[in-house]
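A.B. asks: Task: produce atomic coordinates for the following.
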Amino acid sequence: MTLKPARLVMLLVAAVALPSMAQNLAVVNGKPVPSSRADVMIKQLTAQGQPDSPQLRDMVKQELINREILIQEADKLGLSNSAEVKNQVEIARQSIAIRALVQDYLKKNPVKDSEIQAEYDKFKAQAGDKEYHARHILVEKEEDAKAIIAKLKGGAKFEELAKQSKDPGSAANGGDLDWASPASFVKPFSDAMVALQKGQFTENPVKTQYGFHVIRLDDVRAAKLPSLEEVKPQIADSLQQKKLQAYQEDLRKKAKIQ
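C.D. replies: A predicted model of the protein is given here:
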């Protein structure tokens, strides 16, 4: 069979048009809605836990068609050209591009298991192998702390005297600080606390940036530290944030800011 020239031209046009149409989800008032736009939205939705399905894809298609209809109307009314809209569009563009930059940086600079292990070892060293159950009384003046120590030596109850403490978090509980590692406290406090024997209180006021403390050690026990596997996600996230902060600071140093 020999095709006539007109028939041949029509077939060639159709062959060219098919791939183009396949690239578009729809055409609204002559303007195409790219299928790639739907792919992005479906990827976002499935990442949030929605299963990929024909229903989801149809919902996305209708949503993108509706958006195209609305944006065309907004453009027709000139709303897209307002300064406020342009600024919001630019902020949104920056947010999306920055998110892509962060993902790219983390992909190229992943947190290594060795880094996580080192951070965990550092945490263990700082926490120590013991936990301390202490009480304290916080006052503003050294002479007030000395007067409290004198009363304690005279037989006064620590829990009663703690009611005058300036620490609102522990005063009502007899100065109780619960179980904690020395690293939980400022150094002058922790140094004085770990030097005590169980049942002892400090015979000299302990000065910190908060005031003067009288400390009593109630008990000591072996520290109950979480395993590496238990805290690995938190450590990895913390290290990621540190890497990103260092990356941002490095870029800022290189930037010319006037």
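
A.B. asks: List the residues that contact residue 50.
C.D. replies: With contact taken as C-beta atoms under 8 Å, 6 or more residues apart in numbering, residue 50 is in contact with residue 56. Placement of C-beta: from N, CA and C, glycine included.

A.B. asks: could you say which helix or strand contains it?
C.D. replies: Here residue 50, judged by DSSP states H and E, is contained in no helix and no strand.

A.B. asks: element containing the nearest residue to residue 24 once chain neighbours are set aside, please.
C.D. replies: Residue nearest to residue 24 in three dimensions, not counting chain neighbours: residue 32, with 4.2 Å by C-beta to C-beta, 6 or more residues apart in numbering. Assigning secondary structure by DSSP H and E places residue 32 in strand 31-34.

A.B. asks: following the lowest-mean-pLDDT helix or strand in the chain, which helix or strand shows up next?
C.D. replies: Of all helical and strand segments in the chain, the minimum by mean pLDDT, DSSP states H and E falls on helix 5-22, at a mean of 46. As assigned by DSSP H and E, the chain's next helix or strand after helix 5-22 is strand 24-28.

A.B. asks: on contacts alone, who are the packing partners of the longest strand seen in the chain?
C.D. replies: In the chain, taking DSSP state E as the definition, the longest strand is strand 211-222. Applying 3 or more C-beta pairs under 8 Å, 6 or more residues apart in numbering; DSSP states H and E, one finds that strand 211-222 contacts strand 130-139, helix 142-153, helix 187-194, strand 206-208.

A.B. asks: Enumerate the positions of stretch 139-158 that are buried.
C.D. replies: Across stretch 139-158, burial judged by 16 or more other C-beta atoms under 10 Å covers 139, 144, 145, 146, 148, 149, 152, 158.

A.B. asks: hang on, I meant stretch 114-133
C.D. replies: 116, 119, 120, 127, 131, 132, 133.

A.B. asks: Let's have these in a markdown table, adding pLDDT.
C.D. replies: Below are the buried residues of stretch 114-133 laid out as a markdown table (pLDDT from 0 to 100):
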| residue | pLDDT |
| --- | --- |
| 116 | 97 |
| 119 | 95 |
| 120 | 94 |
| 127 | 81 |
| 131 | 94 |
| 132 | 96 |
| 133 | 98 |
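
A.B. asks: Nearest to residue 191 among those?
C.D. replies: residue 132 (11.9 Å; C-beta to C-beta).
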